[in-house]
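S.K.: Generate a structure from the sequence data that follows.
(2 chains)
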Amino acid sequence: MGLTRRDFIKASAAAAAFAAVGVPVVRPKGAQAAEEGITWGKAPCRYCGVGCCVLVGVKGGRIVATKGDPAGPVNKGLNCIKGYFLSKALYGKDRLTTPLIRKGNKMVEASWDEALDLIASKYKEAIASHGPDSVAMYGSGQWTIHEGYTASKLMKGGIGTNNLEPNARLCMASAVVAFMNTFGSDEPMGCYDDLDLGDTYILWGANMAEAHPVLFSRLIDNKLKHPGVKLIDIATRRTRTTKMADEYIAMRPQGDLAAINAIIHVILRDRLYDEAFIKQHVNFKRGKENAPYGLKDKEVFNETPADIKNLTFDEYKVMMKQFTPQWGEKISGIPAKKIEELARIYSDKSRKINSLWTMGVNQHSRGVWVNNLIYNLHLLTGKICKPGENPLSLTGQPSACGTAREVGTFSHRLPADMVVMNEAHRKKAAGIWGIDPNKISSKVGLHTMEMFRAIDRSELKCIWIQCTNPFQSLPNVSRLRKAAEARKAFIVVSDIYPTKSTEVADVILPSASWVEKEGVFGNTERRTQQWFKMIEPPGQAREDTWQMIEFAKRMGLGHLFPYSEKGFYKEMWEEYRKFTIGVGKDLAPYEAYAKVRGLRWPVKPDGKETRWRYTEADDANVKKGEGIKFYKAPDNKANVWFRPYEPPAESPDKEYPFWFSTGRVLEHWHTGTMTGRVPELRRAVSGATIEMHPEDAKRMGIKNRDKVRVTSRRGTIVLPAEINGRGTPEKGNVFTTFFDETKLVNELCIDAFDPLSKEPDFKKCAVKVKKA
Amino acid sequence: MDSETTCSGITRRQFLKGSAITPLTLILAGTGVATVYLRHADAQGFTLRPPGAIAEKRFLAACVRCGKCAQACPYLSIKMAGGEAGVGIGTPVIVPREIPCYLCSDLPCVKVCPSGALDKKLEDIEKIRMGTAVIIDRESCLSIRGLRCEVCYRQCPLIDKAIVIEPRHNTRTGEHTIMEPVVRKEKCVGCGICEKSCVLPKPVIVVQKTVETQKDSYEF
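M.R.: Below is the predicted model:
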């Protein structure tokens, strides 16, 4: 391959020199003396979607230090506390180092051959008697792009099923569908530079201070530098983000649908919109309403072209008349006066406005609708595709964008915005993969919730889970755990530690993690970042790509992966890259990424990155004089959707009087399988708590740290109360975190999902709370 | 162990005074309640006592070493000092790095104290003054170095009162914020949860003896 790790190390010497002159590195004290004999390599952080760059110091085959990379454009040498202890996540005492096969109630050590032969025989057996749709693979937004690409080619191009899903279904699917039905292409037009350049930031259901720590520190710096910068936090819980915001607006759960519609009503009523922008760039549409909640198995809901009505702007205005600020107040709890005020802020021509959101909007039984409504605000006011003025959906995994979305490891997707339902797309994919187009099934595979429910229904015979922990993270998880424990399907789990998912596995495969392999991640702002392998994985642990390809060979599909051992990563990359060229999602040659701290696609013919899409100011796909052009949408126009209010799947009642919501803390990540192995982080935050409003707690005689029993219709759990701590839910709401593997909080969550995106709503269900 | 707890450091007078109030001392000594070695008093001779402890000198005289406060503590935060504590042998101590005080709102330790060494007038946990948290090593503090740590702040039971964040521009990167945790001396109760949660091997925030705010005539 063109550029080796050695070359990189040479190159980074220059970077280090730069660091010495310009940006001092944050490094452990006394590190200078200890640095002798350490080789440094670059890598993106393993945790969230921010995409901080770290330098990894290796000595004697072991990581001895990590530090923020001063050359990293996102973090400039900084990290959050998880990133500071990054290398410790690899060195937990209980790393999986050998394949294990279930013998009755015991897991017995096995060789790779035994394990892989067994998996192949089970998959063959299932396919022979029940067809290819009886097997599945469940991956991750933490998969590298190569891993996701291997999985997609294996399942869609090889086995011939679209039963391939990433855990990103649980966090980003609503954002994806809205990007597609609004702009015709996934992922944002803006980038992190907007956090430096804008002056008004409206957060919809995002605790950025804890979920996107370094990015938040960048946003707050803009505020410190420019006193006019305004940060408005609209949420159902007061958080550390609230503390640093200029204004907090309390909202009832599901209130966003009503509040945004009412804001739009005011913008239309008072003619605050940008008429010229609308004329040139916007279509109006109405979709299917009265949607279900996915609570019944096999419930089908789709918004087909036949369900979509085209509207004129005038028709749209008439339809929006019903959503008065008073109506908005009644449903959302946000005062009508505030709604009027927000409409004026959104349409203020002197302000550069940005909307930021994460799981509050995406994990929502009408998540696609809320995404659509936020885009409506920006499209109606023309505040989009301009430096410092954009909507931005923040991601939570290091490669939810790069792998799950760009490679398309969803049950309906193919690489680069293509879908399995489209014949031309299947043909293009088959052409690049060198297979018969008929091999790719046109039938959309099982989405995540249905995939795991299908195990309970004994319809799915085999599932291979890599790099994620669904038997802790899925909602209504006890139903799914019971099905797995009853051995209703053959379950393979590849991971680096024992987890709640390996507990129910038939085969456990030890995986290589992060810099124990070479890889590429893609972050929130379309930044593609590459790293080289720096250390060997422990014991017999192997890369996920190796595991899949060895399995493919046993399935007679080895020909799909004709890459040489030496050129493996580059050759696969160049093949994948063909999907992206000329479709506005262009990636650079592999070597380019080895030299830089990431590039934001589309990468221009001259090798430069694109910061803002759809604008002639920066996007090579828009000609000079065209201004803004949504060139991925059918008639180069974005869609403003009419999306009304519909209630959540489950609301509090007499028996279950509290709203229940789940989320993150800064110190831990996802299901805690990595951060839970870092003693310092466990010391800092040792377990889940249940946050309550102080008045609710007082009324019920619950004091701080009292044991509290929280019960939903699906499960019950005892947690210590946290009152007046880092977060305070609004009255009538309780909140907990999902990282603690000793507390399966997802047993309480309802498995309702957005009918369009199939993303579950982890933020809303009804519980009762009692002092235990 | 038995002989240790009864013989060293405690004068006969103190001992008798104590036993007059509660014969439990003997029972405790007999059953050998753990007198684990924990931490020497810090350089200023400061030992973290349970909530409501009266001034150290008077505390040493008043405390009857009965161990009731330790028994009442639901988190095992309160331990009885061993021989290394000198005259303080058998007195209750809290070693925050092990188990800090979690500030029970009903103050069970204070309630059971038979000697007045823990002042029963204390009812509001925010009025506790066991000590004061101090950032003793600013150069090592990750938050002050610009990292997004602030664990001590988020874990502080009096978050935004006893520890606040003072944000300032990070001149090193030019585009981030240093979120510095700052202890508000007048609000800090000295529970030591910050010291416990600090992620560095040697905590950079520790509880020290509360220093009275110095009075002067300068007004600002």
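S.K.: out of everything not next to it in sequence, what's closest to A:D706?
M.R.: Distances taken as Cβ to Cβ, 6 or more residues apart in numbering or on different chains place A:A721 nearest to A:D706, at 4.9 Å, with adjacent residues excluded. To be clear about C-beta, it is placed using only N, CA and C from the backbone, and glycine gets the same treatment.
S.K.: typed the wrong thing, it's A:I463
M.R.: Here the residue nearest A:I463, using Cβ to Cβ, 6+ apart, is A:A136, at 4.6 Å.
S.K.: The one you found against A:I159, yeah?
M.R.: No. Counting by Cβ atoms under 8 Å, A:A136 stays clear of A:I159, with 9.6 Å between them.
S.K.: which one of those two has more residues nearby?
M.R.: A:A136 (30 against 22; other Cβ atoms under 10 Å in any protein chain shown).
S.K.: average pLDDT for the longest helix belonging to chain A?
M.R.: Assignment by DSSP state H gives helix A:112-130 as the longest helix of chain A. Over the span of helix A:112-130, the pLDDT mean works out to 98.
S.K.: what helices or strands is the helix or strand just after that helix leaning on?
M.R.: The helix or strand immediately downstream of helix A:112-130 is strand A:135-139, counting by DSSP states H and E. On a contact count with 3 or more Cβ pairs under 8 Å, 6 or more residues apart in numbering or on different chains; DSSP states H and E, strand A:135-139 meets helix A:112-130, helix A:145-152, strand A:164-166, helix A:448-456, strand A:462-466.
S.K.: one more time with 7 Å, if that's ok
M.R.: helix A:112-130, helix A:145-152, strand A:164-166, strand A:462-466 (3 or more Cβ pairs under 7 Å, 6 or more residues apart in numbering or on different chains; DSSP states H and E).
S.K.: what sits up against stretch A:688-704?
M.R.: Residues from elsewhere that reach stretch A:688-704 (Cβ atoms under 7 Å, 6 or more residues apart in numbering or on different chains): A:708, A:710, A:719-725, A:727-737, A:740, A:743, A:745, A:769, A:771, B:105.
S.K.: hmm, who's touching stretch A:211-228?
M.R.: By Cβ under 7 Å, 6+ apart, stretch A:211-228 touches A:48, A:50, A:52, A:74-75, A:78-80, A:192, A:195-196, A:199, A:201, A:208-209, A:229, A:231, A:244, A:358, A:394, A:396, A:664, A:666, B:148, B:167-170, B:175-177, B:179.
S.K.: Can you show me the strands along chain B?
M.R.: Shown for chain B, the strands assigned by DSSP state E span residues B:78-80, B:92-94, B:132-135, B:163-170, B:176-183, B:205-208.
S.K.: Go through these and pick out the most buried.
M.R.: By mean neighbour count, with neighbours taken as mean count of other Cβ atoms under 10 Å in any protein chain shown, strand B:92-94 ranks first of the strands of chain B at a mean of 26.
S.K.: Need the nearest residue in space to the residue nearest the centre of chain B, chain neighbours excluded.
M.R.: By Cα atoms, centre = their mean, chain B has its centre lying nearest to B:L48, at 3.5 Å. Spatial nearest neighbour of B:L48, excluding adjacent residues (Cβ to Cβ, 6+ apart): B:I94 at 4.5 Å.
S.K.: Report the beta-bridge partner residues of that neighbour.
M.R.: Beta bridges link B:I94 to B:I78 when assigned by DSSP bridges.
S.K.: What does the pLDDT read for it?
M.R.: 97.
S.K.: And B:F46, by the same measure?
M.R.: On the pLDDT scale, B:F46 gets 89.
S.K.: what's the distance between the residue lying closest to it once chain neighbours are set aside and B:R49?
M.R.: Distances taken as Cβ to Cβ, 6+ apart place B:K209 nearest to B:F46, at 4.1 Å, with adjacent residues excluded. Remark: distance between B:K209 and B:R49 (Cβ to Cβ, to the nearest Å) = 11 Å.
S.K.: Torsion angles phi and psi at the closest residue to A:F630 other than its chain neighbours?
M.R.: Closest residue in space to A:F630, ignoring its immediate chain neighbours: A:A638 at 4.7 Å, by Cβ to Cβ, 6+ apart. Dihedral angles of A:A638 (phi, psi; degrees, to the nearest 10) stand at phi -90, psi 160.
S.K.: per the record, what domains does chain B have?
M.R.: Following automatic domain parsing, one finds the domains of chain B at B:46-128, B:131-211.
S.K.: What parts of chain B come near chain A?
M.R.: B:102, B:105, B:139-140, B:142, B:145-149, B:151, B:154-155, B:159-160, B:167-170, B:172-173, B:175-177, B:179, B:197, B:199 (Cβ under 7 Å from any Cβ of the partner chain).
S.K.: who touches A:P253 in this structure?
M.R.: A:236, A:648, A:659, A:763-764.
S.K.: And B:E186, by the same measure?
M.R.: Applying Cβ under 7 Å, 6+ apart, we find B:E186 in contact with no residue.
S.K.: What parts of the stretch 351-500 of chain A come near chain B?
M.R.: Residues of the stretch 351-500 of chain A lying near chain B (Cβ under 7 Å from any Cβ): none found.
S.K.: Show me the strands in the stretch 351-500 of chain A, by range?
M.R.: For the stretch 351-500 of chain A, applying DSSP state E, counting those that start in this stretch gives strands covering A:353-357, A:391-393, A:413-414, A:418-419, A:462-466, A:490-495.
S.K.: can I get those in CSV with mean neighbour count and distance to A:N310?
M.R.: Shown next, in CSV, are the strands of the stretch 351-500 of chain A (neighbours: other Cβ atoms under 10 Å in any protein chain shown; distance: least, Cβ to Cβ, whole Å):
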stretch, mean neighbour count, distance to A:N310
strand A:353-357, 26, 26
strand A:391-393, 25, 23
strand A:413-414, 28, 26
strand A:418-419, 17, 22
strand A:462-466, 25, 41
strand A:490-495, 26, 46
